[in-house]
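Asker: Please find the sequence and the predicted model below.
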Amino acid sequence: MKLTTRGHYSVKALLDLSLQLEQGPTSVKSIARRQDLPAPYLEKLLIEMRRAGLVESVRGVQGGYYLARSPVHISLGQILEAVGETIEPLPRHTPDAARPEDWVTFSLWNRLHQKLKEALYSISLEDLYHDARSWQAAQGEATNFVV
């Protein structure tokens, strides 16, 4: 599985929002500026994540986006799924019945896929937040938060 720009930007945006829990709604422009992301593209991703129930939005001058639930209840798998990332193994592959090794390979990839999927859904946004903070502290960086 390769994390595309789409998935990477989505995770960065939600990590940014996790820092703003007490601040209220955060504008797309603010997130884009802090995370060095293109605002129009980010807006599209946030709309998709709103439809998936990961974020909520408020219109108006003081509007913006905020997490729909606690970071501990948002998984990496949910974020990636919300923006159309897939982790399906061997798409469009049908094993050849005449070749037992083809079935073994197919079975192996399906089992690995299941384990990967379980892992993605077990890693929360809160876990990612703490991992990033730990890495920054180990590097001696300040508390600015750019993923």
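Answerer: Cool, got the structure.

Asker: got any ranges where this structure has weak pLDDT?
Answerer: Counting by pLDDT under 70, the chain shows low-confidence ranges at 1-2, 89-92, 141-147.

Asker: what about the helices in it?
Answerer: 5-19, 28-35, 39-51, 76-82, 100-122, 125-138 (DSSP state H).

Asker: Please identify the buried residues of the first one?
Answerer: Within helix 5-19, the residues that qualify as buried are 6-7, 9-19, counting by 16 or more other CB atoms under 10 Å. Every residue, glycine included, has its C-beta placed from N, CA and C.

Asker: residues touching the closest residue to Tyr41 other than its chain neighbours, list them.
Answerer: Spatially, and ignoring its direct neighbours in sequence, Tyr41 is nearest to Tyr9 (6.9 Å; CB to CB, 6 or more residues apart in numbering). By CB atoms under 8 Å, 6 or more residues apart in numbering, the contact set of Tyr9 is Gln35, Leu37, Tyr41, Leu42, Leu45.
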